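S.K.: Could you work out the structure for the sequence below:
(chains A and B)
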Protein chains: 2
Amino acid sequence: MLQKANSVNNALEKAVILRNPLKIHESMRYSLLAGGKRVRPMLCIAACELAGGQESTAMPAACAVEMIHTMSLIHDDLPCMDNDDLRRGHPTNHKVFGEDVAVLAGDALLAFAFEHLAAATKGVSPERIVRAVFELAKCIGTEGLVAGQVVDLYSEGLTEVGLEHLEFIHVHKTAALLEASVVMGAILGGADDEDVEKMRKFARCIGLLFQVVDDILDVTKSSQELGKTAGKDLVADKTTYPKLLGIEKSRELAEKLNREAQEQLLGFDSVKAAPLVALANYIAYRDN
Amino acid sequence: MLQKANSVNNALEKAVILRNPLKIHESMRYSLLAGGKRVRPMLCIAACELAGGQESTAMPAACAVEMIHTMSLIHDDLPCMDNDDLRRGHPTNHKVFGEDVAVLAGDALLAFAFEHLAAATKGVSPERIVRAVFELAKCIGTEGLVAGQVVDLYSEGLTEVGLEHLEFIHVHKTAALLEASVVMGAILGGADDEDVEKMRKFARCIGLLFQVVDDILDVTKSSQELGKTAGKDLVADKTTYPKLLGIEKSRELAEKLNREAQEQLLGFDSVKAAPLVALANYIAYRDN
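M.R.: A predicted model of the protein is given here:
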């Protein structure tokens, strides 16, 4: 898995090179190459390989989902949104480059994800590339990241936030991009419609799982271990799974989601499905 | 031309309907449906028709370029950028919906442009749709809108801004999206590579023309006539064509660009090319 993450890092490094205008590329690279876990790109590649494709076939799409993830972190950290100073243990983008450049770096990463997907994907029919463009675009806007963030922003301090409301936020804010990562990989790898939909269900489960585990970690780990401000969900009076269900029931929910996710993969060759299973377990049992 | 603009308005109205989450869709629609001149969509449709395609073929792409244009206006107006309170005679998006929603509405429009282009374009080979996605994406990022805005932001107050520097800003900030509008129309309409490149040259000329005329209008018209704060380029100490060349030489430059643009269309059927010629003349001789 470390090897895959290194391949992704190399590909990202080459996709967004330092060139003129320097400041905006420095800003994009600062956040894009800050050493994330690359979970989304690895999901994209693993899904492509499960569908019978090569790592290289999925690599532009894998880079694209990481660009979108980075864009959403940069914009969510802005003073007018979550107003975060730290991200992965480093000052946030706007703290280093200013708010104006941070907004533009996010915009440029958003657009470049589509440019890279359209220009660099090789050996796949254009029809499948158009479907991948559609999946990526859909997970960003008002049926994905943006919907989750806007509902999240307007939920802080609300007294009555139920499980359904919390799930809406996370399905959109986290699960949608994980779903696009897996589904794009499946489509570009040549999966038929039935297999694409199985992988979509797998991705939806691990998307929610990802956030349940994030919430648990926020309560149980220190800031230093997480590389970001721990306990900030409680400080901001945000609704989380541990707050709604308690830690134990949250852990049970995580187990259930991981089980449901892996059930979707039973119809596939178990050797080929192993990387996706490993990623699901990593998401379930990670400690940061 | 008014009829085309109405078709575009209807299509935009249907593309971004009011639905949940309400606030973000209200914000997107507020700026998207605020009654712009729809020059970019009309260029896209006219180029498609010149290449032999139908209006309906280019309409999703035409809507997409207007979504991108609107996104760039919303983000450029933000307090951390140009800090504008008025746009087309109305309060800017962040003044009405808040900065957080304005950033997200821009992001959502950016993503939705690609979703709409990929999902709604009919009767065109997927290979041409992928090329259109590439052209649209390229004109937004660090070779287009973002590059122009970042260089513009860091030019204010500079004492030595020459013609070359000014042209860099406008080629990226204005001409790039006009180029994408025309080129996407040409590609989707079925133009061969040679004709696509002729229309690209046409678009580059009218893109620069657009900005030269904008600068002239900013000096010669009142705020009420323009629907935005006039003379603000001078107040902000921005370099403009009239400031560098004087009004008369700026007008001559505009004439020259319009002539060069129209020369690119000489090889086409003059009846079919008439709408693009009319749009070039509109850009050259408009009074707001």
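S.K.: can you point me to the longest helix in chain A?
M.R.: For chain A, the helix that runs over the most residues, judged by DSSP state H, is helix A:193-220.
S.K.: now that one: how far from the chain's centre is it?
M.R.: 10 Å (C-alpha atoms, centre = their mean, to the nearest Å).
S.K.: Can you confirm whether stretch A:189-202 lies near chain B?
M.R.: No - if you take C-beta under 8 Å from any C-beta of the partner chain as the test, stretch A:189-202 misses chain B, and the best it gets is 15.2 Å. Any C-beta I mention is one placed from the backbone N, CA and C, and that applies to glycine too.
S.K.: would you put the C-alpha positions of that stretch in CSV?
M.R.: This file holds the C-alpha atoms of stretch A:189-202, laid out as CSV (Å, rounded to 0.1, in the frame of the first residue of the first chain):
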residue,chain,number,x,y,z
GLY,A,189,-11.0,-0.4,-15.6
GLY,A,190,-13.8,-1.6,-17.9
ALA,A,191,-16.3,-2.9,-15.3
ASP,A,192,-19.9,-3.7,-16.6
ASP,A,193,-22.8,-1.8,-15.1
GLU,A,194,-23.6,-4.4,-12.5
ASP,A,195,-20.1,-4.5,-11.1
VAL,A,196,-19.9,-0.7,-11.1
GLU,A,197,-23.0,-0.6,-8.9
LYS,A,198,-21.6,-3.2,-6.5
MET,A,199,-18.5,-1.1,-6.1
ARG,A,200,-20.6,2.0,-5.7
LYS,A,201,-22.4,0.3,-2.7
PHE,A,202,-19.0,-0.8,-1.3
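S.K.: in that stretch, what's buried?
M.R.: Within stretch A:189-202, the residues scored as buried using 16 or more other C-beta atoms under 10 Å in any protein chain shown are A:189-191, A:195-196, A:198-200, A:202.
S.K.: Not counting its own residues, what contacts that stretch?
M.R.: Under the criterion C-beta atoms under 8 Å, 6 or more residues apart in numbering or on different chains, residues A:47-53, A:57-58, A:124, A:128, A:179, A:182-183, A:185-187, A:261-262, A:264-265, A:267-268, A:276, A:280 lie in contact with stretch A:189-202.
S.K.: rewinding a little: and the longest helix of chain A, average pLDDT?
M.R.: For helix A:193-220, the mean per-residue pLDDT is 95.
S.K.: ditto for stretch A:146-164
M.R.: On average, stretch A:146-164 scores 85.
S.K.: circling back to that earlier point, and the two most separated of the buried residues of stretch A:189-202?
M.R.: A:190 and A:202 (17.3 Å; C-beta to C-beta).
S.K.: circling back to that earlier point, which PyMOL command selects the buried ones in the contacts of stretch A:189-202?
M.R.: Buried residues among these (16+ other C-beta under 10 Å), as a PyMOL selection:
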select buried, chain A and resi 47+48+49+50+51+53+57+58+124+128+179+182+183+185+186+187+261+262+264+265+268+276+280
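S.K.: Tell me which of the contacts of stretch A:189-202 fall in strands.
M.R.: Among those, no member is found in strands (DSSP state E).
S.K.: In helices, which of the contacts of stretch A:189-202 fall?
M.R.: Per DSSP H, those map to helices at A:47-50, A:57-58, A:128, A:179, A:182-183, A:185-187, A:261-262, A:276, A:280.
S.K.: Also near chain B: which of those residues, exactly?
M.R.: Contacts with chain B within these, as defined by C-beta under 8 Å from any C-beta: none are present.
S.K.: ok, now which ones touch residue A:104?
M.R.: Residue A:104 sits next to A:24, A:27, B:75, B:146, B:149-150 when contact means C-beta under 8 Å, 6+ apart.
S.K.: Quick check: which ranges of chain A have low pLDDT?
M.R.: Chain A contains residues with pLDDT under 70 at A:157, A:159, A:222-237.
S.K.: near chain B, which residues of the stretch 151-288 of chain A?
M.R.: A:151, A:153-154.
S.K.: filter these to the buried ones?
M.R.: Buried members of those, counted by 16+ other C-beta under 10 Å: A:151, A:153.
S.K.: Run through the residues that contact the closest residue to residue A:7 other than its chain neighbours.
M.R.: In space, and not counting its chain neighbours, residue A:7 is closest to residue A:55: 6.7 Å by C-beta to C-beta, 6 or more residues apart in numbering or on different chains. Listed by C-beta under 8 Å, 6+ apart, the contact set of residue A:55 reads A:4, A:7, A:45, A:48-49.
S.K.: and the strand or helix carrying residue A:44, what does it pack onto?
M.R.: In the assignment (DSSP states H and E), residue A:44 maps to helix A:39-50. Other helices and strands packing on helix A:39-50, by 3 or more C-beta pairs under 8 Å, 6 or more residues apart in numbering or on different chains; DSSP states H and E, are helix A:2-15, helix A:55-77, helix A:176-188, helix A:193-220, helix A:270-285.
S.K.: quick one, which of those helices is packed in tightest?
M.R.: The highest mean neighbour count among the helices and strands packed on helix A:39-50, using mean count of other C-beta atoms under 10 Å in any protein chain shown, belongs to helix A:176-188: a mean of 29.
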